[in-house]
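Asks: When you get a sec, could you give me coordinates for this:
(4 chains)
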Number of protein chains: 2
Amino acid sequence: MITKPTNTGTDKVAYLAARDEFIAQWGALGSAWGINRTMAQIHALLMITPRPLSTDDIMADLQISRGNAHTNLRELTGWGLIRSVIRKGERKEYFEAEKDVWKIFCIVTRERKRREIRPAIGVLKDCIERTETLRDPDAAVFTKQTRALLEFVEMADSILSKIARSEQSKVVPWALKWLK
Amino acid sequence: MITKPTNTGTDKVAYLAARDEFIAQWGALGSAWGINRTMAQIHALLMITPRPLSTDDIMADLQISRGNAHTNLRELTGWGLIRSVIRKGERKEYFEAEKDVWKIFCIVTRERKRREIRPAIGVLKDCIERTETLRDPDAAVFTKQTRALLEFVEMADSILSKIARSEQSKVVPWALKWLK
DNA sequence: ACATTCTTTCAGTGTTTTCTGAAACTTCAG
DNA sequence: CTGAAGTTTCAGAAAACACTGAAAGAATGT
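Replies: Numbers count the residues shown, from 1 in each chain, chains lettered A, B, ... in the order given. Model prediction:
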């Protein structure tokens, strides 16, 4: 005899299916933006789980090895997207994610600025410095183009800094108004 | 006897060194953002070269195979970042890049919206739809969190659309003013 | 000191992504 | 129609990247 599932039983199944879909897609999205798939999936899992999870919980849920889970949890901690939680009386380490979407945005912005935008600015400045006094006509075009890029990237950088330093409560109403 | 290099000779050497550095770093930056290294390098090369280049020119310059050059040139064309130029009387196809930094930004924004943001919005909507009526408490948390994400992504999408539709001449002065 | 529990590391392996090069195809001039 | 010039495709090779699992290292309690 087949047991008739309870309502909460079917709910759980539907929920878990949607949840898995979300985790999988979030992982794929991460990939497209240069973020390791597993890292994005762990992040997704922690974002939508209302309680801290241990390394073993995550290994079991995503079907990944301890080493993989460990490395990516550290990486996420490095970004500041998750933090570890120690429960008193327990030796195991648990992890919980920052859940506020605005804060997540600010963290990612700050980190990408630090990791990629700043170094790019350095390279551009270096290229300009090394070529701006040269007489070669191709060099002149090169300098001009890298200058334009530098100017743009520096402006984008400033604007992002400003936004990421603002409160969501100030930016969102402003954005809504501006969008009309 | 070692030939003393002419001024323009040393200039060329310095320029080529800076140029190679730029191309290499632009490639690395592309990688970090989920863009194929070669595609980014070809883009860099075309951006800073004041004349259209043929597939063979690019193969020689970046030391890559015909297939690789071809594929990535098509991909860049697909993004709208470069266009092919046919010189009359010649059968070979040449390529030139969009050089206006603001236009490049708009193109990349539009394409990433289309390729990644819109599908992400689809996934989020689907997850919400499938879980919003469930009674399970974890499902409720899940729906709430995905709703928050959806709201944020949709707002970001609108703002980017608006910016990418604007003229640089309108946005830049506004940004400068706003930054003070 | 020792056992237990948990974390960290990393060499080896597996997977995914990208690249090569040669063959097939297209286009065009003669 | 034929051959030369150029383009496209794609199977297999190479490179980059990610993952596993087991061993070593910490931390804690007894």
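Asks: need the residues of chain A near DNA strand D, please.
Replies: Taking Cβ under 7 Å from any atom of the strand as the measure of proximity, chain A contacts DNA strand D at A:N36, A:R37, A:T38, A:Q63, A:I64, A:S65, A:R66, A:G67, A:N68, A:T71, A:N72, A:R91. Using the backbone N, CA and C atoms, a C-beta is placed for each residue, glycine as well.
Asks: ok, A:K12 - how many residues close by?
Replies: Applying other Cβ atoms under 10 Å in any protein chain shown, we find 17 residues neighbouring A:K12.
Asks: In this structure it contacts B:R135, no?
Replies: No. A:K12 is not in contact with B:R135 according to Cβ atoms under 8 Å; the separation is 9.7 Å.
Asks: before we move on, back to that, out of the residues of chain A next to DNA strand D, which end up buried?
Replies: Buried members of those, counted by 16 or more other Cβ atoms under 10 Å in any protein chain shown: A:N36, A:R37, A:T38, A:I64, A:N68, A:N72.
Asks: Identify those among those residues that sit within strands.
Replies: Of those, none are assigned to strands by DSSP state E.
Asks: Now render those as TSV, adding pLDDT and distance to DNA strand C.
Replies: Below are those laid out as TSV (pLDDT from 0 to 100; distance: Cβ to the nearest atom of the strand, whole Å):
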residue	pLDDT	distance to DNA strand C
A:N36	97	11
A:R37	98	8
A:T38	98	11
A:I64	98	12
A:N68	98	8
A:N72	98	10
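Asks: Check the residues you listed and tell me the two furthest apart.
Replies: Greatest spatial distance among these (Cβ to Cβ): A:N36 and A:I64, at 11.5 Å.
Asks: What helix or strand is A:I128 located in?
Replies: helix A:118-131 (DSSP states H and E).
Asks: Which strands or helices does whichever helix or strand comes after that helix pack on?
Replies: The first helix or strand that comes after helix A:118-131 along the chain, using DSSP H and E, is helix A:137-165. On a contact count with 3 or more Cβ pairs under 8 Å, 6 or more residues apart in numbering or on different chains; DSSP states H and E, helix A:137-165 meets helix A:101-112, helix A:118-131, helix B:7-32, helix B:37-48, helix B:101-112, helix B:168-179.
Asks: outside of the very next helix or strand once past the fourth one, which residues touch it?
Replies: The one in question is helix B:37-48. Counting by DSSP H and E, the next helix or strand C-terminal to helix B:37-48 is strand B:53-54. Identification of contacts with strand B:53-54 by Cβ atoms under 8 Å, 6 or more residues apart in numbering or on different chains yields B:L45, B:L46, B:D61, B:K92, B:E93, B:Y94, B:F95, B:E96.
Asks: Where does pLDDT dip in chain A?
Replies: By pLDDT under 70, the low-scoring segments of chain A are A:1-8, A:180.
Asks: returning to that earlier point: among the contacts of strand B:53-54, which lie within strands?
Replies: If you go by DSSP E, those have B:E93, B:Y94, B:F95, B:E96 in strands.
Asks: And the buried ones among those, selectable in ChimeraX?
Replies: Provided next is the ChimeraX selection string for whichever of the ones in strands among the contacts of strand B:53-54 are buried by 16+ other Cβ under 10 Å:
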select /B:94,95,96
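Asks: Noted, bye for now.
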